[in-house]
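Student: Quick one: sequence and predicted model below, then my questions.
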2 protein chains.
Amino acid sequence: MATLEFAVLGILHEGPMHGYELRKQLTTKLGAIRAAISYGSLYPTLRRLQAAGLIAEAGETPATDTAVPPLTSRRGRVVYKITADGKERFGEMLARTGPETWEDAGFGVHFAFFARTDRATRLRILEGRRRKVEERREGLREVLSRAAERLDAYTLELQRHGLEACEREVRWLEELIANERSGQTPEVTPPQESLGRP
Amino acid sequence: MATLEFAVLGILHEGPMHGYELRKQLTTKLGAIRAAISYGSLYPTLRRLQAAGLIAEAGETPATDTAVPPLTSRRGRVVYKITADGKERFGEMLARTGPETWEDAGFGVHFAFFARTDRATRLRILEGRRRKVEERREGLREVLSRAAERLDAYTLELQRHGLEACEREVRWLEELIANERSGQTPEVTPPQESLGRP
DNA sequence: GACCGATGTATCGAACCGATACATCGGTAA
DNA sequence: TTACCGATGTATCGGTTCGATACATCGGTC
């Protein structure tokens, strides 16, 4: 999937960044939905994005840099910035709805960037996700009711726990959907690109 | 990791099975903790296990089979059964504790086979998992308290939801641990290999 | 001045997934 | 009768992701 590409483009909207920092931002932004992203995923993704022209290297602004010239093979920090094409692509991905956007991973990432998504898209994604989780919930109920006597206590307990998680997520989604519908949520927050750079 | 190998060996303890059936069993057994396992994972895993001598083909018992000889290139169903080595290996994996056993995926699979795990191991895994989830929880609390003003409402909501999930899982683990300690749980259920075959 | 943990870039092998292709079977609608 | 369809079933391919690892620099601290 392109969930990591998507996330990287989204984070780079906040300004140029190098790999290490990018990973930290990704970790806090997505920390609630997945484990820390590994470099074995991040660096290939960056190369992919760069090859596609969606990001570019932004040669380390040597403003107040240590004026030490690379004596040894100085492996300088590589700073990436998003390109115009990248912004456009991110916009398209933001507006997209479909199976990947209500899959576990896809939903999480899209939700993390809801502040930049318009309300109609948010609603479509939330509802798609709800349907998805409801299906999962029904599947678990099936197993629990029809096969209860054939499964051991621990497997059963696992199913119960999973079922509970599904039910809670559905309730959560329901609340979010109600909020969206009643207009409690902002339309689209302004791009915060230049924020923090006075 | 070897979580899929582990699960396959565990399922095959219930009797010989072919790929399709195996997938269905895996799906109901692990349905609460991960999406349906894909054939692109299952078949390579089966080949790997077979190469290692942990499972073997159990040439389709032609008991009351349709006596139709393979006219065309009949791609018969391939039935796998666990070998003695496989059972031994599964036993070792059951008793193991360590980082992979309290990681998300690893924990789920090990828990699903807790009925065959001895109480001491169960306790060590549950406690390791609890520590792990507590760390995750603290990380989320950090983010929520220290960076609340720098994150948009949706990202914040995601963190809150994640935090709540962590807190609930900790409570759940706490209950399970208490149960184990008070001896409410069975030691090890007898192998149910021959069950259902009168 | 020796050490150490945080910062930082990068790659490798293995695992895993989604999509896809292909084939058989039972049922059912034309 | 035939034609189709959905469930059953085996299998692979390309691409993504992960965990482990290697290597290098920097700011402290003992």
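Tutor: All right, it came through fine. Only a predicted model underlies this, so the values are computations on that prediction, with no experimental measurement involved. Numbers count the residues shown, from 1 in each chain, chains lettered A, B, ... in the order given.
Student: Every contact and neighbour count from this point should use C-alpha atoms.
Tutor: Noted.
Student: Quick check: A:Glu174 vs B:Gly31, distance?
Tutor: 23 Å (CA to CA, to the nearest Å).
Student: Just the strands from chain A, written as ranges.
Tutor: A:17-18, A:55-57, A:79-82 (DSSP state E).
Student: So which of these is nearest DNA strand C?
Tutor: strand A:17-18 (4.1 Å; CA to the nearest atom of the strand).
Student: What is that closest one packed up against?
Tutor: If you count contacts as 3 or more CA pairs under 8 Å, 6 or more residues apart in numbering or on different chains; DSSP states H and E, strand A:17-18 packs onto strand A:79-82.
Student: and the residue of chain A nearest DNA strand D?
Tutor: For chain A, CA to the nearest atom of the strand, closest residue to DNA strand D: A:Gly40, 3.3 Å.
Student: On the pLDDT front, check that residue for me.
Tutor: A:Gly40 carries a pLDDT value of 90.
Student: Which helix or strand in chain A has the lowest average pLDDT?
Tutor: In chain A, no helix or strand scores lower on mean pLDDT, DSSP states H and E than helix A:99-102, which sits at a mean of 86.
Student: Show me which positions of it end up buried.
Tutor: A:Glu100, A:Thr101, A:Trp102 (16 or more other CA atoms under 10 Å in any protein chain shown).
Student: Counting by contacts, list what it packs against.
Tutor: Looks like helix A:99-102 contacts helix A:104-112, helix A:119-146 (3+ CA pairs under 8 Å, 6+ apart).
Student: Within range of DNA strand C, give me the residues from chain A.
Tutor: A:18-21, A:39-40, A:43-44, A:75-79 (CA under 7 Å from any atom of the strand).
Student: and if we set it to 10 Å?
Tutor: A:1, A:17-24, A:38-47, A:60, A:74-80, A:99-100, A:103-106 (CA under 10 Å from any atom of the strand).
Student: which stretches of chain A aren't confidently modelled?
Tutor: A:1, A:59-76, A:148, A:186-198 (pLDDT under 70).
Student: All the helices of it, in order from the start?
Tutor: Taking DSSP state H as the criterion, chain A contains helices spanning A:3-12, A:19-30, A:39-51, A:84-95, A:99-102, A:104-112, A:119-146, A:153-181.
Student: Tabulate those helices in JSON lines, adding columns for distance to B:Leu163.
Tutor: Converted to JSON lines, the helices of chain A look like this (distance: least, CA to CA, whole Å):
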{"stretch": "helix A:3-12", "distance to B:Leu163": "21"}
{"stretch": "helix A:19-30", "distance to B:Leu163": "12"}
{"stretch": "helix A:39-51", "distance to B:Leu163": "25"}
{"stretch": "helix A:84-95", "distance to B:Leu163": "25"}
{"stretch": "helix A:99-102", "distance to B:Leu163": "21"}
{"stretch": "helix A:104-112", "distance to B:Leu163": "14"}
{"stretch": "helix A:119-146", "distance to B:Leu163": "19"}
{"stretch": "helix A:153-181", "distance to B:Leu163": "13"}
